[in-house]
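1. The sequence isn't on hand, but the structure is:
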């Protein structure tokens, strides 16, 4: 009986212990299950730029698809101001639970930190990089009266006429300004900067020959090319754009190694759990491969990014930031 009792007691203890262990194991997945249930309520997506602007429109196209897939609404919350830095700072202070995200561009994370040293956030420390979603190349436009039809011819003409050519931008420190400064520096050109408060007047002056060249968005610039008002020489990406497939890249047209795009990406506050970041990354990567999303983005002059991991996105931004830091420093670019 003793032996039998011992066996029975041991078995009972084993069962109790097993139950306790099982309870502990179940408690741990309960946390994981809570994360796996994301999103269990609407997700706020801060866009630090005005409604109906380029970033807002791109964010809405992608967020709508992600919402459909996840069965939960992604609510766009526009928080514009100070070149996107106000909304970006607000996103940095949110809880790292996946219910407040930031949809932004290279402006807030790769450019502004080098132009606005007193930012209320640290781009490389206050965020969890999640997904690289899209890219927008620019098109190099020249006034038709300029006797050039390629980047190579433009460079040769500018070198033969030092200091005689100028370029329009949408303002100091804008991506248009940085694109042209990088182009001129790499090509060894002397070009005068003519800043505007927007692109509308610069297009008019470019067509009239009052300014000579402009890097503009493809949807804005190409209609003027089609009408004959302007001449397009190349696009700025590292490969030809599906939005203007007949145009070569700047690199293949005369300036090897040149490449510049405005990227769009998704961040969360710092401290998000890797599993949650991975889940959101996968949802957005699937969305940008959807044919309807690709077609809608094309209307905005934007192409989906090649799906990346969060680590790859972070590395890309780091390289982009270092590049713009050098351009800004070498060309003494300020916001004034």
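-> That came through, no problem. The shown structure was predicted, so the numbers you read here are calculated from the model rather than taken from an experiment.
2. hey, let's count contacts and neighbours off CA atoms from now on
-> OK.
3. Now the phi/psi pair for residue 267, please.
-> Backbone torsions for residue 267, taken as degrees, to the nearest 10, come to phi -130, psi 160.
4. Would you confirm that it contacts residue 101?
-> Yes: using Cα atoms under 8 Å, residue 267 makes contact with residue 101 at a distance of 5.8 Å.
5. just the helices in the protein please.
-> Ranges of helices within the chain are 2-36, 54-70, 85-92, 106, 112-115, 151-160, 175-187, 200-208, 218-226, 250-253, 274-287, 291-299, 310-330, based on DSSP state H.
6. Identify whichever of these lies nearest to residue 233.
-> Nearest to residue 233 among those is helix 151-160 (6.2 Å), distances taken as Cα to Cα.
7. pLDDT weak spots in the chain?
-> 1-36 (pLDDT under 70).
8. which residues sit in contact with residue 219?
-> Counting by Cα atoms under 8 Å, 6 or more residues apart in numbering, residue 219 makes contact with 299, 300, 301.
9. Roughly how far does it sit from residue 299?
-> 7 Å (Cα to Cα, to the nearest Å).
10. just residue 39 next, same as before
-> As for residue 39, its distance to residue 299 is 29 Å (criterion: Cα to Cα).
11. Pick out whichever of those two has more residues nearby.
-> The neighbour comparison of residue 39 against residue 299 (other Cα atoms under 10 Å) goes to residue 39, with 19 against 13.
12. what about the closest residue to residue 225 other than its chain neighbours, neighbour count?
-> Excluding the flanking residues, the one nearest residue 225 by Cα to Cα, 6 or more residues apart in numbering is residue 231, at 5.4 Å. For residue 231, the count of nearby residues is 25 (other Cα under 10 Å).
13. Kindly report the same for residue 72.
-> If you count neighbours by other Cα under 10 Å, residue 72 ends up with 16.
14. now residue 223
-> Using other Cα under 10 Å, residue 223 has 12 other residues around it.
15. who does the longest strand along the chain touch, helix- and strand-wise?
-> If you go by DSSP state E, the chain has its longest strand at strand 127-142. Counting contacts by 3 or more Cα pairs under 8 Å, 6 or more residues apart in numbering; DSSP states H and E, strand 127-142 packs against strand 213-217, helix 218-226, strand 231-235, strand 261-269, helix 274-287, strand 303-304, helix 310-330.
16. quick one, which of these is nearest to residue 92?
-> strand 261-269 (4.9 Å).
17. Can you give the strand pairings for the closest one, parallel or anti for each?
-> strand 100-105 (antiparallel), strand 127-142 (antiparallel) (DSSP bridges).
18. quick one, which of those is nearest to residue 278?
-> Nearest to residue 278 among these is strand 127-142 (7.5 Å), distances taken as Cα to Cα.
19. so residue 277 makes contact with residue 101?
-> No: applying Cα under 8 Å as the test, residue 277 and residue 101 come out as separate, 10.7 Å apart.
20. if you count what's nearby, which of the two comes out ahead?
-> residue 101 (30 against 21).
21. My read is that that one contacts residue 270, right?
-> No: between residue 101 and residue 270 there is no contact under Cα under 8 Å: 10.8 Å.
22. who's in contact with residue 332?
-> For residue 332, no contacting residues are found, by Cα under 8 Å, 6+ apart.
23. and it, what are its phi and psi?
-> Main-chain dihedrals, residue 332, degrees, to the nearest 10: phi 50, psi 40.
24. if I read this right, residue 46 contacts residue 102, doesn't it?
-> Yes: assessed by Cα under 8 Å, residue 46 is found in contact with residue 102 at 4.8 Å.
25. Touching both of these two, which residues are there?
-> Common neighbours of residue 46 and residue 102, using Cα under 8 Å, 6+ apart, are 88, 91.
26. how near is residue 178 to residue 211?
-> 17 Å.
27. One more: residue 130?
-> From residue 130 over to residue 211 (counting by Cα to Cα), the distance is 40 Å.
28. Which residues does stretch 250-260 contact?
-> The contact list for stretch 250-260 (Cα under 8 Å, 6+ apart) reads 137-138, 150-153, 155, 179, 183, 186-187, 233-238.
29. TSV for the contacts of residue 219, including distance to residue 93?
-> Listed next are the contacts of residue 219 as TSV, based on distance: Cα to Cα, whole Å:
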residue	distance to residue 93
299	33
300	30
301	32
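30. and residue 155, what is it in contact with?
-> Residue 155 neighbours (Cα under 8 Å, 6+ apart): 187, 189, 254.
31. Would you mind measuring from the residue nearest to residue 99 when sequence neighbours are not counted to residue 224?
-> Leaving aside its sequence neighbours, residue 99 sits nearest to residue 43 (Cα to Cα, 6+ apart; 4.6 Å). Look at residue 43 and residue 224: by Cα to Cα, they are 40 Å apart.
32. same question, residue 121
-> From residue 121 across to residue 224, the span is 40 Å (Cα to Cα).
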